[in-house]
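Asker: kindly generate the corresponding structure for this input.
(3 chains)
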Amino acid sequence: MNLLTLFLSATLINNIILAKFIGMCPFMGVSTRVKSAVGMGLAVIFVIFGASVLSWLLYQFVLAPLGLDYMKLICFILLIAAFVQFTEMFIKKNSPSLYKSLGIYLPLITTNCAVLHVALDNVAQGYNFIETCVNSIAVPVGFMLMLVIFATIRERLEGNDVPAAFEGNPIAFIIAAIMALAFTALNGLV
Amino acid sequence: MSENKEKKLGFGSQLIIENPVFGLYLGICSTLAISTNINNAIGMGIAVTIVLILSNILVSSVRNITPDDIHIPVYIVIIATLVTIVEMTMQAFTPDLYGALGEFIALIVVNCIILGRAEAYASLNPVGASAKDGLMMGISYTVSLFVMSLIRQILGTGVLSLSNPLTGAEIFAVRLIPESFVLSFMTTQTGAFLTFAVLAAACAAYKNKVTADDKGGK
Amino acid sequence: MKYLYAVLIAVALISLYGWLYIQNHKTPVPEGCESLKPDCGACGIKNCSVRKKYEGVTDHGNS
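Answerer: Residues are numbered from 1 along each chain as shown, chains lettered A, B, ... in the order given. Below is the predicted model:
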């Protein structure tokens, strides 16, 4: 598959949040401030890329040759969790300033379904190494894009007169509905 | 104090106020994605309930021998193993349902309800109580998923149908809305977000009303 | 033999994760980052471990 097509479809058309509903938890929780949306987005890009490429290597060179296909779920979640721990430790030791902006979001990422989704998807789609790399960058970029757009809208929404029952998350879901509608217009892009 | 309140409210009200999906926003991903028809909703609900009960039982039974330092790794291993078992069982016995739910069965591993309950309840309470908590949470999740998929299926396709998960054969199908009046966007992503927003708002409205009544009573 | 490999891989990954987890928790938080708070107030997961941890920091001062 053309790599640019793959990138565009993973970022915009099959956007992980609006088209696949994956990664909603941090999406709802963190997307109230643009600053934290950017922090979370960068942390997610790094973890998804690292963890998915490692998972792909583990699958391709260890699990598949041994015929241990059924082990992939448990292996991938452990690898993701280990990678998150390693990243947190590495940042703590080497870059306090980076830790200041990303550190708090790292523990949240282990249980982010987006990471596991990308790792499983790369294997399920039968991507080769280059395609895996492109997909593992494209998906979290789409995630961050949504997170930032959404945070911008929610910042504006603050102080507006929303009906009491819709305050907080329900109104955010209405925004998501409208954005999902807008993004269906991109379906013809590729 | 909160315990008294829970007793006073009863199961029905508690289902709405402490609803894991619409009240606490746990496990939203699967709720939005799976709720296109009631077959998927029931299948997913049962799968999650089974994993939830078993994980609560296991976490609770190892709670005294788990070193505090590594309790989260232990829970993740337990949950991932259980989900693999459930996934393989479904693949073998309910292939149609497995195909329809697809990746979302694997994603039960990272469903916030399960790790959340393991940490907040099962790691502190005895086995029996934890199993009951898992069952209750599982039922609330299944009911939420069912209500949402019922709305989306009826408005989106106009047909209410149910099929046997083991064979995939249709048990019944009733057309409730004529084809020309169907809101087909309800089956798309937009419909999912919209239905969720309305149900979550309804939950919040009920919660606001109950808390207002409480204050008025005092 | 196949099952032995499966068990070996699982054990290896579990111990890798456990080891990294402990190592990570031993590593001190860098200066100036002791009281970072995640901006996740809109999230409904009240019993989330991250939130509990950071709310605990503000409650007890130095814990």
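Asker: where in the chain is pLDDT low?
Answerer: In the absence of a named chain, chain A is used. Scanning chain A for pLDDT under 70 picks out A:1, A:31, A:111, A:190.
Asker: look at chain C instead
Answerer: The low-confidence ranges in chain C, as defined by pLDDT under 70, are C:32-63.
Asker: in it, where's the longest helix?
Answerer: The longest helix of chain C (DSSP state H) is helix C:2-26.
Asker: which secondary structure state does residue A:162 sit in?
Answerer: coil (DSSP: H, G, I helix; E, B strand; the rest coil).
Asker: give the buried residues for the stretch of helix or strand residue B:156 belongs to.
Answerer: Per DSSP states H and E, residue B:156 falls inside helix B:127-157. Neighbour-count burial for helix B:127-157, counted by 16 or more other Cβ atoms under 10 Å in any protein chain shown, picks out B:130-131, B:133-134, B:136-138, B:140-149, B:151-157. In short, each C-beta sits where N, CA and C put it, glycine included.
Asker: cool, and stretch C:5-14?
Answerer: Neighbour counts over stretch C:5-14 (16+ other Cβ under 10 Å) mark C:5, C:6, C:9, C:10, C:13, C:14 as buried.
Asker: and stretch A:86-101, by the same measure?
Answerer: Within stretch A:86-101, the residues that count as buried by 16+ other Cβ under 10 Å are A:86, A:87, A:88, A:89, A:91, A:92, A:99, A:101.
Asker: contacting residues around the first one?
Answerer: This means residue A:86. C:20, C:24 (Cβ atoms under 8 Å, 6 or more residues apart in numbering or on different chains).
Asker: restrict the buried residues of stretch C:5-14 to those near chain B?
Answerer: For chain B, the contacts drawn from these by Cβ under 8 Å from any Cβ of the partner chain are residue C:14.
Asker: looking at the buried residues of stretch C:5-14, spot the one nearest chain A.
Answerer: residue C:13 (4.2 Å; Cβ to the nearest Cβ).
Asker: low-confidence ranges, chain B, go.
Answerer: Chain B contains residues with pLDDT under 70 at B:1-10, B:216-218.
Asker: 90 instead?
Answerer: Counting by pLDDT under 90, chain B shows low-confidence ranges at B:1-40, B:63-77, B:94-124, B:157-189, B:203-218.
Asker: for the residue nearest the centre of chain B, give me its contacts.
Answerer: In chain B, the centroid-proximal residue (Cα atoms, centre = their mean) is residue B:141; its distance is 2.4 Å. Residue B:141 makes contact with B:20, B:21, B:27, B:45, B:48, B:49, B:52, B:113, according to Cβ under 8 Å, 6+ apart.
Asker: same thing but at 7 Å, please
Answerer: For residue B:141, the contact set (Cβ atoms under 7 Å, 6 or more residues apart in numbering or on different chains) comprises B:20, B:21, B:27, B:45, B:48, B:49, B:113.
Asker: name the residues of stretch A:28-35 that are buried.
Answerer: Result for stretch A:28-35 [16+ other Cβ under 10 Å]: buried residues A:28, A:29, A:30, A:31, A:32, A:33, A:34.
Asker: write out the residues of chain A neighbouring chain B.
Answerer: Residues of chain A found near chain B (Cβ under 7 Å from any Cβ of the partner chain) are A:18-22, A:24-25, A:28, A:70, A:73-74, A:77, A:81, A:111-113, A:116-117, A:120, A:164-166, A:169-170, A:173-174, A:176-177, A:180-181.
Asker: could you list which of those also contact chain C?
Answerer: By Cβ under 7 Å from any Cβ, the members of those lying near chain C are A:28, A:74, A:81, A:169.
Asker: let me know the secondary structure of the closest residue to residue B:203 other than its chain neighbours.
Answerer: Excluding the flanking residues, the one nearest residue B:203 by Cβ to Cβ, 6 or more residues apart in numbering or on different chains is residue B:22, at 4.2 Å. Per three-state DSSP, the secondary structure class of residue B:22 is coil.
Asker: can you confirm residue B:66 is in a strand?
Answerer: No: applying three-state DSSP, one finds residue B:66 to be coil, outside a strand.
Asker: residues from chain A in reach of chain C?
Answerer: Counting by Cβ under 7 Å from any Cβ, the positions of chain A adjacent to chain C are A:28-30, A:32-33, A:36, A:62, A:66-68, A:71, A:74-75, A:78-79, A:81-82, A:85-86, A:88-89, A:92-93, A:96, A:99-100, A:103-105, A:107-108, A:168-169.
Asker: keep only those of these that are in helices.
Answerer: In this view, those that belong to helices under DSSP H are A:28-30, A:36, A:66, A:74-75, A:78-79, A:81-82, A:85-86, A:88-89, A:92-93, A:96, A:99-100, A:107-108, A:169.
Asker: wait, which of the buried residues of stretch A:28-35 is closest to residue A:140?
Answerer: When the buried residues of stretch A:28-35 are ranked by distance to residue A:140 (Cβ to Cβ), residue A:30 comes first, at 13.9 Å.
Asker: so who does residue 34 touch?
Answerer: Picking chain A for this. Shown in contact with residue A:34 (Cβ under 7 Å, 6+ apart): A:148, A:151, A:152, A:155.
Asker: wait, chain B
Answerer: Per Cβ under 7 Å, 6+ apart, neighbours of residue B:34: B:40, B:41, B:44, B:101, B:104, B:145.
Asker: give me the nearest residue to the fifth one, chain neighbours excluded.
Answerer: Put plainly, it is residue B:104. Spatial nearest neighbour of residue B:104, excluding adjacent residues (Cβ to Cβ, 6+ apart): residue B:30 at 5.0 Å.
Asker: contacts only, for that neighbour.
Answerer: When contacts are counted by Cβ under 7 Å, 6+ apart, residue B:30 touches B:44, B:104, B:107, B:111.
Asker: neighbour count and secondary structure for those - can I get that in a markdown table?
Answerer: Listed next are these as a markdown table, based on neighbours: other Cβ atoms under 10 Å in any protein chain shown; DSSP: H, G, I helix; E, B strand; the rest coil:
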| residue | neighbour count | secondary structure |
| --- | --- | --- |
| B:44 | 27 | helix |
| B:104 | 23 | helix |
| B:107 | 22 | helix |
| B:111 | 26 | coil |
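Asker: quick one: residue B:135 from residue B:46, how far?
Answerer: From residue B:135 across to residue B:46, the span is 12 Å (Cβ to Cβ, to the nearest Å).
Asker: my error: substitute residue B:153 in the last question.
Answerer: Residue B:153 is 18 Å from residue B:46, by Cβ to Cβ.
Asker: so does stretch B:89-102 get close to chain A?
Answerer: No: using Cβ under 7 Å from any Cβ, stretch B:89-102 never reaches chain A; the gap is at least 9.0 Å.
Asker: that stretch: end-to-end distance?
Answerer: Counting by Cα to Cα, to the nearest Å, you get 14 Å between the two ends of stretch B:89-102.
Asker: what's that stretch in contact with?
Answerer: For stretch B:89-102, contacts defined as Cβ under 7 Å, 6+ apart pick out B:34, B:40, B:43, B:44, B:47, B:105, B:165, B:166, B:168.
Asker: which of those are buried, as a PyMOL select command?
Answerer: Of the contacts of stretch B:89-102, the buried ones go into a single PyMOL selection, burial set by 16+ other Cβ under 10 Å:
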select buried, chain B and resi 34+40+43+44+47+105+165
